[in-house]
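> for reference, the sequence and a predicted model appear below.
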Amino acid sequence: MKTDIILAGVGGQGILTIAAAIGFASLYENKFVKQSEVHGMSQRGGAVQSHLRISDNPIASDLIPLGNADLILSVEPMEALRYLPYLAKQGWVVTNSVPFENITDYPSISRIKDELRALPNSVWLNADQLAQDCQSPKSSNIVMLGAASEHLGLSMDSLRAGVEQVFSRKGKDVVDANFRAFETGRKFTSKLQIN
Amino acid sequence: MQQLVLLGAEAIAQGALDAGISGVYAYPGTPSTEITEYIQKNRLAREKGIHSQWSANEKTAMESALGMSYAGKRAIVCMKHVGLNVAADGFINAAITGSGGGLIVAVADDPSMHSSQNEQDSRFYADFALLPVFEPTTQQEAYDMVFAGFELSEKYGLPVMMRITTRLSHSRASVKTREVLNQNQLKLPEDPRQFVLLPSIARKRYKRLLELQAALLKESENSGFNPDQPGNDHSLGIIACGIAFNYVQENYPSGIPYPVLKISQYPAPIEKVRKLTETCKSILVLEEGYPLLENGLRGLLNNNPIPIHGRLDGSVPRDGELTPDIVANALGIETKSGPAIPEFLANRPPSMCKGCSHIDTYYALIDALKPFGSGRTFSDIGCYALGALPPFEAINSCVDMGASITMAKGAADAGLIPAIAVIGDSTFTHSGMTGLLDAVNENSPITVIISDNETTGMTGGQTSAAYGRLESICLGIGVPANHLRLIIPLRKNHEANVAIISEELNHHGVSVIISRRECIQTAVKHKKVHNS
Ligand SMILES: Cc1ncc(C[n+]2csc(CCOP(=O)(O)OP(=O)(O)O)c2C)c(N)n1
């Protein structure tokens, strides 16, 4: 069993937190993990991605080969498209629908949505709204993790434990807020496809 | 012994701690910064009093590490690739003096220039200096090589380079740690003149360095980090350096059909290379960086009995980092791809943060410069270099740390008056101060704006070496007090700031304007700490 995941977003949107939660969850299941991150210049509002590879066997490359990603998990809609060449034929794209518009030539959101709708497997959700709705306004990234949780090849228990481990330093309230966010995202996708 | 999940950079840091270093010396620079930051955050390191404070630049870091090594203790010095240009004088000469306590020079290269001005390959520096190099393939090797590096360094009394690239530095994997070694005792060099490079001594030391080359080569030939593995298909032999080996493996999940030599310790093991070339019909050299080995293997005349493929014949692109797909192409393996990127996708270049002080500084400068015309602003390395991009397009150069002041001086010497330098506070203390002294000595008609956000912003907000002391430094260098000005870059001060900058632009001599407001990122962090 091997899962290749591209995490996408804009510098500062918290994709490394998602990566850390998945990373911890994978270790609970005694899997091999390699996770390549973007540090440095792009963190200043640039496009950032993380290649996360989870496997029952040792992993060679820190980078995912093109056409191999089982999942593109993006916290920003346009950023989901940037990594399409990495997507495997039957791979999933799960993306937040709320644009991060720090540039002047941001494309129309309907074109982005159309592009995603044309893919065989995609989920589109307003994670910011869902995070507000469950009283965890700062946790839209964990809503996204929940929304993608079925495609990670990891058990829900491990993922919850991963979320707990990431936030435990910040106290019980923060952990609970993120548990709520995780459940909200998870329930959202278990119900639907892109609409 | 523990199992930790670490970035490649952190694996080096943990290795250094466990191998008994007494100090890390560094100036921040992507992708090397995390080595030092990891040690700074380590509680045990603090308790043991292991030195980890940032140095003013890579040269001071290199020399301090050499001093610690002189005193018999283990030290590691860390920098990004271009930092080694700054430290090169110390580095090359440290090969001549040799070391005392183990000395590792950890250099992180940035092929594809994710966060850099160039993609120079540090292995060339080690080759030039005649020093051994370790180039890890995995995070585990990065950890283990710190132990091996210190051992080799102490065995031969030579500094050792540890070379990583962005991909390994910023990728996490599991690492098994070893038993922790004690720090060395204080111990002076046996030969009191070892470090005195007067020509007569240096000649002897250099001869010694030359003589050691055969032994270093033998170490590489026998090194477990340079394994050669057989293959059934001898139509091709593969030489894969460092992380390139991973991409070869990735492409052959059920085993590599060709003989492969992985090279992770230099000088390159010539006998192993010879064996491969004698038993294979062609060779593919895969290097994460410049074609160092490939060049050597081809030779000047490139009249080898068998074809040698790599970056020089187009089998691998001449520039940029390797990927599994690039290596697949070089191996003639078909690659896949998902859907194409839609053509309407917009780029998202890095930009200055909302509320960044540099923004207000630039707006004021742009207005003040209107009477003089553009094309006269020399800038430097840091967040403010993003002032080159729209909507500012406010700077005309960004070359290497410190070059703003000196280039402005040269342009002013040529008659471009006034010439303006825009430099950050950390860059100013890194290598701007000496250039300012040159300008003061000739009272050059330049206006230097130190855009002081009180931190080393671009690399993540490390302390700035002269925090709170920029004025006294400038006065000490000889900037006249009436031409040392302070502005606070806020929108409400715009008119006043434009007026001050205009005054100094009209002054025919050196002026320094310190534009001071805390970096918005560190301000938020400080607020959080304050509130909690
Ligand atoms: C020789 C060298 N060392 C390190 C770096 C990495 N580096 C790039 S920008 C920067 C920080 C500059 O800080 P400062 O001048 O205060 O400007 P700020 O980013 O805070 O605006 C550093 C360390 C480099 N590019 N070159």
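Yep, that arrived.
> can I assume residue A:73 sits in a strand?
Yes. Under DSSP: H, G, I helix; E, B strand; the rest coil, residue A:73 falls within a strand.
> tally up the residues packed near it, please.
Using other CB atoms under 10 Å in any protein chain shown, residue A:73 is surrounded by 31 other residues. Yep, even glycine has a C-beta here, placed from its N, CA and C like the rest.
> can you tell me the closest non-neighbouring residue to it?
residue A:148 (4.6 Å; CB to CB, 6 or more residues apart in numbering or on different chains).
> what do you get for residue B:244?
Nearest non-adjacent residue to residue B:244, counting by CB to CB, 6+ apart: residue B:286, 3.8 Å away.
> give me the beta-bridge partners of that neighbour?
Residue B:286 forms beta bridges with residue B:240, as assigned by DSSP bridges.
> name the residue of chain B that lies nearest to the ligand.
With distances taken as CB to the nearest ligand atom, chain B approaches the ligand most closely at residue B:424, which sits 2.1 Å away.
> let me see the contact set for the closest residue to that residue other than its chain neighbours.
Of all residues not flanking residue B:424 in the chain, residue B:382 sits nearest, at 3.7 Å (CB to CB, 6+ apart). For residue B:382, the contacting residues are B:423, B:424, B:426, B:427, B:451, B:456, B:457, B:458, by CB atoms under 8 Å, 6 or more residues apart in numbering or on different chains.
> distance check, residue B:382 against chain A.
Distance, residue B:382 to chain A, using CB to the nearest CB, to the nearest Å: 11 Å.
> and if you look at residue B:76?
Residue B:76 is 20 Å from chain A, by CB to the nearest CB.
> can you list the residues that contact whichever strand or helix holds that residue?
Applying DSSP states H and E as the criterion places residue B:76 in strand B:75-80. Identification of contacts with strand B:75-80 by CB under 8 Å, 6+ apart yields B:12, B:16, B:21-27, B:29-32, B:35-36, B:58, B:61-62, B:64-66, B:68-69, B:86-87, B:101-110, B:116, B:146.
> and those residues near chain A, which?
Residues of the contacts of strand B:75-80 in contact with chain A (CB under 8 Å from any CB of the partner chain): B:30, B:31.
> sort out for me which of the contacts of strand B:75-80 are in helices.
Mapping the contacts of strand B:75-80 onto helices (DSSP state H) picks out B:12, B:16, B:35-36, B:58, B:61-62, B:64-66, B:68-69, B:86-87, B:146.
> which of those residues has the largest number of neighbours?
Going by other CB under 10 Å, residue B:12 tops these with 34 neighbours.
> run through the residues that contact it.
Contacts of residue B:12 by CB under 8 Å, 6+ apart are B:35, B:76, B:78, B:106, B:142, B:143, B:146, B:162, B:164.
> just checking, what packs against whichever strand or helix holds the fifth one?
If you go by DSSP H and E, residue B:142 is part of helix B:139-156. Taking 3 or more CB pairs under 8 Å, 6 or more residues apart in numbering or on different chains; DSSP states H and E as the contact definition, the neighbouring helices and strands of helix B:139-156 are strand B:3-7, helix B:8-18, strand B:103-109, strand B:133-134, strand B:160-165, strand B:171-176, helix B:199-222.
> buried sites along that helix?
B:139-150, B:152-154, B:156 (16 or more other CB atoms under 10 Å in any protein chain shown).
> from these, pick the one nearest chain A.
When the buried residues of helix B:139-156 are compared for distance to chain A (CB to the nearest CB), residue B:139 comes out closest, at 8.5 Å.
> per-residue confidence at the closest one?
Listed pLDDT for residue B:139 reads 98.
> thought it was touching residue B:169?
No. Assessed by CB atoms under 8 Å, residue B:139 is found out of contact with residue B:169, at 9.7 Å.
> shared neighbours of these two, anything?
The contact sets of residue B:139 and residue B:169 overlap at B:7, B:8 (CB under 8 Å, 6+ apart).
> dihedrals phi and psi, residue B:515?
Dihedral pair for residue B:515: phi -110, psi 100, per degrees, to the nearest 10.
> next, count neighbours for it.
By other CB under 10 Å, 28 other residues sit near residue B:515.
> who's in contact with it?
B:357, B:360-361, B:364, B:449-452, B:486-489, B:497.
> list the buried residues in the lowest-mean-pLDDT helix or strand in chain B.
Lowest mean confidence among the helices and strands of chain B (mean pLDDT, DSSP states H and E): helix B:520-531, at a mean of 83. Neighbour counts using 16+ other CB under 10 Å place B:520, B:521, B:522, B:523 of helix B:520-531 among the buried residues.
> may I have that helix exported as PDB, CA atoms only?
Extracted C-alpha coordinates of helix B:520-531, given in PDB (Å, rounded to 0.1, in the frame of the first residue of the first chain):
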ATOM      1  CA  ILE B 520       5.300  42.700  10.400                       C
ATOM      2  CA  GLN B 521       6.000  39.000  10.800                       C
ATOM      3  CA  THR B 522       8.200  39.300  13.900                       C
ATOM      4  CA  ALA B 523       5.900  41.900  15.300                       C
ATOM      5  CA  VAL B 524       3.000  39.500  15.200                       C
ATOM      6  CA  LYS B 525       5.200  36.800  16.800                       C
ATOM      7  CA  HIS B 526       6.300  39.200  19.600                       C
ATOM      8  CA  LYS B 527       2.700  40.200  20.200                       C
ATOM      9  CA  LYS B 528       1.700  36.500  20.600                       C
ATOM     10  CA  VAL B 529       4.500  35.900  23.100                       C
ATOM     11  CA  HIS B 530       3.600  39.000  24.900                       C
ATOM     12  CA  ASN B 531      -0.100  38.100  25.200                       C
END
